[in-house]
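K.L.:
Need a 3D model of the sequence below.
(chains A and B)
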Amino acid sequence: EDQVTQSPEALRLQEGESSSLNCSYTVSGLRGLFWYRQDPGKGPEFLFTLYSAGEEKEKERLKATLTKKESFLHITAPKPEDSATYLCAVQAGATNKLIFGTGTLLAVQP
Amino acid sequence: NAGVMQNPRHLVRRRGQEARLRCSPMKGHSHVYWYRQLPEEGLKFMVYLQKENIIDESGMPKERFSAEFPKEGPSILRIQQVVRGDSAAYFCASASGGSGNTIYFGEGSWLTVV
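P.N.:
Prediction:
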């Protein structure tokens, strides 16, 4: 069964303290790995899609990387406005549905 | 996010009533997904539709839930005879195509059953 696991469940950082979020997956036939950001009371906001091992994408203070078993979301010098829940999802198999992890709740303190 | 429109944003229903949630996909998108998010849980896939067709409904409860995406108009997620356990946030997402295309989410519809 396709599965996505995110760690840690929650992470508290000081402003400027860089760190990484992990997303490990077991799927048959990965078509894409997606990262989203979700603020309270809002819908998931698209960040990145990665398609193959070795691929990297960057956006402002965020950088996503992909291996054959996991993806990392690196946050460099975070700011309080980066506080949110970060969701990882995989698109795999015969259907196009996304299978989500339970997310990492990030809190960046000033 | 702003491109996928969901309404109502908040809906309160009494047990046994029906709830209808609407989703207008982004312009040019013909693929629609519905997800449910329970408090303290992740997003769970419910159904995947293309215009006039249900492609994958493996996440839909067998009873009381149905979805459609007609040729004209929004996609509708319908919940009949709601129970307290149906209280959740329901998110719609859309994409222009299938595999690998970016999937954009709406702001969600929050259903409360009293």
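
K.L.:
can we go C-alpha only for contacts and neighbour counts from here?
P.N.:
Will do.

K.L.:
quick one, what contacts the most centrally placed residue in chain B?
P.N.:
Central residue of chain B (C-alpha atoms, centre = their mean): B:Trp34, 3.5 Å from the mean position. Each residue near B:Trp34 by C-alpha atoms under 8 Å, 6 or more residues apart in numbering or on different chains is listed here: B:Phe45, B:Met46, B:Val47, B:Tyr48, B:Leu77, B:Tyr90, B:Phe91, B:Cys92, B:Ala93.

K.L.:
What about these, which are in strands?
P.N.:
Counting by DSSP state E, the contacts of B:Trp34 place B:Phe45, B:Met46, B:Val47, B:Tyr48, B:Leu77, B:Tyr90, B:Phe91, B:Cys92, B:Ala93 in strands.

K.L.:
ok so, going back, with pLDDT as extra columns, can I get the contacts of B:Trp34 in CSV?
P.N.:
Below are the contacts of B:Trp34 laid out as CSV (pLDDT from 0 to 100):
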residue, pLDDT
B:Phe45, 95
B:Met46, 96
B:Val47, 96
B:Tyr48, 94
B:Leu77, 98
B:Tyr90, 98
B:Phe91, 98
B:Cys92, 98
B:Ala93, 96
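
K.L.:
Which of the residues you listed ranks first by neighbour count?
P.N.:
B:Cys92 (31 neighbours; other C-alpha atoms under 10 Å in any protein chain shown).

K.L.:
That one against B:Tyr35, yeah?
P.N.:
Yes. Contact criterion C-alpha atoms under 8 Å: B:Cys92 and B:Tyr35 qualify, at 6.3 Å.

K.L.:
hang on, the earlier thing: bridging residues for the residue nearest to the centre of chain B?
P.N.:
Counting by DSSP bridges, B:Trp34 is bridged to B:Val47, B:Cys92.

K.L.:
For chain A, just list every one of the strands.
P.N.:
Counting by DSSP E, the strands of chain A are A:3-7, A:10-14, A:19-26, A:30-38, A:45-50, A:56-59, A:62-66, A:70-75, A:84-92, A:98-100, A:104-109.

K.L.:
Using a markdown table, please lay out these together with mean neighbour count.
P.N.:
A markdown table is the format used below for those (neighbours: other C-alpha atoms under 10 Å in any protein chain shown):
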| stretch | mean neighbour count |
| --- | --- |
| strand A:3-7 | 18 |
| strand A:10-14 | 15 |
| strand A:19-26 | 20 |
| strand A:30-38 | 21 |
| strand A:45-50 | 21 |
| strand A:56-59 | 14 |
| strand A:62-66 | 20 |
| strand A:70-75 | 21 |
| strand A:84-92 | 24 |
| strand A:98-100 | 22 |
| strand A:104-109 | 19 |
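
K.L.:
Please name whichever of those is nearest to B:Trp110.
P.N.:
Among the strands of chain A, the nearest to B:Trp110 by C-alpha to C-alpha is strand A:30-38 (15.1 Å).

K.L.:
residue contacts, the spatially closest residue to A:Leu62 that is not a sequence neighbour?
P.N.:
Distances taken as C-alpha to C-alpha, 6 or more residues apart in numbering or on different chains put A:Ile75 closest to A:Leu62, at 4.9 Å, once the chain neighbours are dropped. With contact set as C-alpha under 8 Å, 6+ apart, A:Ile75 has these partners: A:Ser18, A:Ser19, A:Ser20, A:Arg61, A:Leu62, A:Lys63.
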